[in-house]
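1. Predicted model, plus sequence, below.
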Amino acid sequence: MNKPDQPDPSSPETSRKLPGTVIVLGLVSFFNDFASDIVVPLIPILLTTVLAAGPIALGLIEGVADALACFLKLWAGRHSDVMSGRRKKLALAGYTLSNLTRPLLGLAGSWLTVLLLRSVDRIGKGLRSAPRDAMVADATPPQIRGYAFGFHRALDNAGAVAGALAAAAILAWSDLSLSEVILWSAVPGFVAVALLGAGVKEATASQIPSPAAQRVLTPLRWSALSVPMQHYLWVLMVFTFARASETFILLFGHELGIGVVELLLLWAALNLAKAITSTQGGQLADHFGRGALILIGWSALALSFMALSQITTSTGLWIISVFYGLLMGLSEGAERALISDYAAPDERGTAFGWYHLVSGIAAIPAGLLFGVIWHVYSAAAAFMFASLLALLPIVLLRLWAWPLRHSNNNE
């Protein structure tokens with residue numbers, strides 16, 4: 001008999017219907033990204049127009065912020081496993097910290113202050129990401145996990161669309177400054193925190209698989225991971241060096257002479273494209289396998305960055321950004337679903353912690369390298385370098401770390 005908190009994978013209803021927990025967590029991500037993407041697309045503009053900083057500062061800010069968060073993600077995921085799957089408190093703390101800190105970017109007087117506040121914001125992300133992803137996996141039967149993670153990413157990207165459109169509308173139709181718009185991001189951020197606090201119920205003691213005192217987890221070391229997961233995570237780390245922050249696309253648009261409102265609309269279009277394909281991409285990953293969808297997304301990045309190295313017009317930037325978003329959206333659910341495939345049920349938090357650690361550990365050198373190439377040579381050279389570098393993990397994924405088709409009967 002299945003545990004009350006473990007959906008029966010043989011049930012026709014659970015094979016088609018997303019659990020309520022997944023839906024609420026998707027809405028939480030929607031409002032959190034609504035708040036975040038009022039702010040994030042304005043950071044490169046704030047740096048260049050108000051704080052007199054450039055691509056190197058942007059690369060350092062995004063790299064340091066992500067790297068600080070990635071180590072905390074492993075701890076948070078592991079801690080949620082040690083607590084017998086009680087993951088909500090960590091996720092709630094993370095969302096609260098980010099949404100208290102992020103609006104303060106509007107008051108920043110230097111790029112160093114932006115670095116500090118952005119880092120604290122990402123520390124909040126570090127606390128919440130692995131426990132939240134494990135909550136999605138815990139609540140979802142294996143055969144629709146691609147669908148669940150794709151749905152979650154779709155709402156996440158939809159929130160980014162809403163945030164960018166709200167920022168564009170406010171700047172176009174009001175007299176508020178960039179800083180004042182950033183301060184208003186606190187409103188949807190509060191909604192996200194309230195939704196998580198009230199809408200996601202913690203498992204009762206009788207529903208938890210085993211008491212914390214009786215749990216014996218494998219040691220927290222790399223060698224304890226399965227060989228397929230190790231291969232996949234190594235390849236993911238290599239890909240991270242090529243996956244420059246998408247905010248560089250906005251900085252490139254700024255250099256092409258695109259105005260602030262149009263840049264926000266471009267950001268909204270990019271994320272709308274990802275939102276359109278994320279859910280379908282997750283469902284395709286459940287049907288055809290995770291590897292094929294991941295390969296599509298990674299190849300899209302290589303092609304898009306190569307195209308970005310050649311364009312000189314705003315029209316070209318729009319076309320490539322939408323193409324990039326549509327194909328990248330297909331792979332987002334598959335990347336996370338593959339981690340849940342490889343992880344034991346009682347170590348999902350730890351597994352997602354490793355995933356976020358590895359995907360973030362290369363963030364500082366990757367962001368700095370991209371920014372330095374941009375500064376010393378040109379934006380075209382930086383995008384071409386990232387495009388060529390992305391070919392290596394694509395080959396490694398196909399020849400060395402290709403995932404086997406996941407069996408739905410492994411739990």
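-> Arrived safely, thanks for sending. Numbering: from 1, shown residues only.
2. Least confident secondary structure element in the protein?
-> helix 12-16 (a mean of 50; mean pLDDT, DSSP states H and E).
3. which element follows that helix toward the C-terminus?
-> Per DSSP states H and E, helix 12-16 leads on to helix 20-39 as the next helix or strand towards the C-terminus.
4. now for the following helix or strand past that following helix, which elements pack on it?
-> Using DSSP H and E, the next helix or strand after helix 20-39 towards the C-terminus is helix 43-49. Using 3 or more Cβ pairs under 8 Å, 6 or more residues apart in numbering; DSSP states H and E, the elements in contact with helix 43-49 are helix 55-82, helix 111-139, helix 178-183, helix 247-255. Backbone N, C-alpha and C define where each C-beta goes, glycine included.
5. try 7 Å this time
-> helix 55-82, helix 111-139, helix 247-255 (3 or more Cβ pairs under 7 Å, 6 or more residues apart in numbering; DSSP states H and E).
6. Work out the gap between the second one and the centre of the chain.
-> What that stands for is helix 111-139. 10 Å (Cα atoms, centre = their mean, to the nearest Å).
7. Pull the contacting residues for residue 367.
-> 59, 60, 62, 63, 244, 245 (Cβ atoms under 7 Å, 6 or more residues apart in numbering).
8. and if we set it to 8 Å?
-> By Cβ atoms under 8 Å, 6 or more residues apart in numbering, the contact set of residue 367 is 58, 59, 60, 62, 63, 66, 244, 245.
9. Just the closest of these to residue 225, please.
-> Nearest to residue 225 among the contacts of residue 367 is residue 66, at 21.5 Å by Cβ to Cβ.
10. so that closest one sits right up against residue 360, yeah?
-> Yes: at 4.7 Å, residue 66 and residue 360 qualify as touching, with contact defined as Cβ atoms under 8 Å.
11. quick one on the thing from earlier: save the helices and strands packed on helix 43-49 as CSV, and put in mean pLDDT and mean neighbour count too.
-> Converted to CSV, the helices and strands packed on helix 43-49 look like this (pLDDT from 0 to 100; neighbours: other Cβ atoms under 10 Å):
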stretch, mean pLDDT, mean neighbour count
helix 55-82, 76, 24
helix 111-139, 85, 24
helix 247-255, 86, 22
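12. In a markdown table, list those helices along with distance to residue 271.
-> A markdown table is the format used below for the helices and strands packed on helix 43-49 (distance: least, Cβ to Cβ, whole Å):
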| stretch | distance to residue 271 |
| --- | --- |
| helix 55-82 | 17 |
| helix 111-139 | 17 |
| helix 247-255 | 11 |
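13. Out of those helices, which is closest to residue 39?
-> helix 111-139 (8.5 Å).
14. sorry, back to before: out of the contacts of residue 367, who's nearest residue 104?
-> Nearest to residue 104 among the contacts of residue 367, with distances taken as Cβ to Cβ, is residue 62, at 17.6 Å.
15. Pull out the CA atoms of stretch 149-159 and give them to me as PDB.
-> Extracted C-alpha coordinates of stretch 149-159, given in PDB (Å, rounded to 0.1, in the frame of the first residue of the first chain):
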ATOM      1  CA  PHE A 149       8.500  20.300 -13.500                       C
ATOM      2  CA  GLY A 150       7.600  21.600 -16.900                       C
ATOM      3  CA  PHE A 151       4.400  23.100 -15.400                       C
ATOM      4  CA  HIS A 152       6.400  24.600 -12.600                       C
ATOM      5  CA  ARG A 153       8.900  26.200 -15.000                       C
ATOM      6  CA  ALA A 154       6.000  27.500 -17.200                       C
ATOM      7  CA  LEU A 155       4.500  29.400 -14.300                       C
ATOM      8  CA  ASP A 156       8.000  30.500 -13.200                       C
ATOM      9  CA  ASN A 157       8.600  32.000 -16.700                       C
ATOM     10  CA  ALA A 158       5.000  33.400 -16.800                       C
ATOM     11  CA  GLY A 159       5.800  35.300 -13.700                       C
END
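16. from the chain's centre, how far out does it sit?
-> That offset, for stretch 149-159, works out to 10 Å (Cα atoms, centre = their mean).
17. what does it rub up against?
-> 18, 22-23, 25-27, 29-34, 36-37, 133, 136, 188, 271-272, 274-276, 278-283, 285, 329, 332-334, 336-337, 340.
18. Among these, name the buried ones.
-> Neighbour counting over the contacts of stretch 149-159 (16 or more other Cβ atoms under 10 Å) leaves 18, 22-23, 25-27, 29-34, 36-37, 133, 136, 188, 271-272, 274-276, 278-283, 285, 329, 332-334, 336-337, 340 as the buried ones.
19. Quick one: the helices in the stretch 101-250 of the chain, in order.
-> 111-139, 145-173, 178-183, 186-199, 227-242, 247-255 (DSSP state H, counting those that start in this stretch).
20. next one: the stretch 251-400 of the chain
-> 260-288, 290-308, 314-342, 348-361, 363-376, 379-399.
21. looking at those helices, which is buried most?
-> Using mean count of other Cβ atoms under 10 Å, the stretch among these with the largest mean neighbour count is helix 348-361, at a mean of 26.
22. can I get the CA coordinates of that helix in PDB?
-> Below are the C-alpha coordinates for helix 348-361, written out as PDB (Å, rounded to 0.1, in the frame of the first residue of the first chain):
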ATOM      1  CA  ARG A 348      15.700  13.900  -3.200                       C
ATOM      2  CA  GLY A 349      16.600  17.100  -1.400                       C
ATOM      3  CA  THR A 350      20.200  16.200  -1.300                       C
ATOM      4  CA  ALA A 351      20.100  15.200  -5.000                       C
ATOM      5  CA  PHE A 352      18.600  18.600  -6.000                       C
ATOM      6  CA  GLY A 353      21.100  20.300  -3.800                       C
ATOM      7  CA  TRP A 354      23.900  18.700  -5.800                       C
ATOM      8  CA  TYR A 355      22.200  19.700  -9.000                       C
ATOM      9  CA  HIS A 356      22.000  23.300  -8.000                       C
ATOM     10  CA  LEU A 357      25.500  23.300  -6.500                       C
ATOM     11  CA  VAL A 358      27.000  21.900  -9.700                       C
ATOM     12  CA  SER A 359      25.000  24.200 -11.900                       C
ATOM     13  CA  GLY A 360      26.100  27.200  -9.900                       C
ATOM     14  CA  ILE A 361      29.600  26.400  -8.800                       C
END
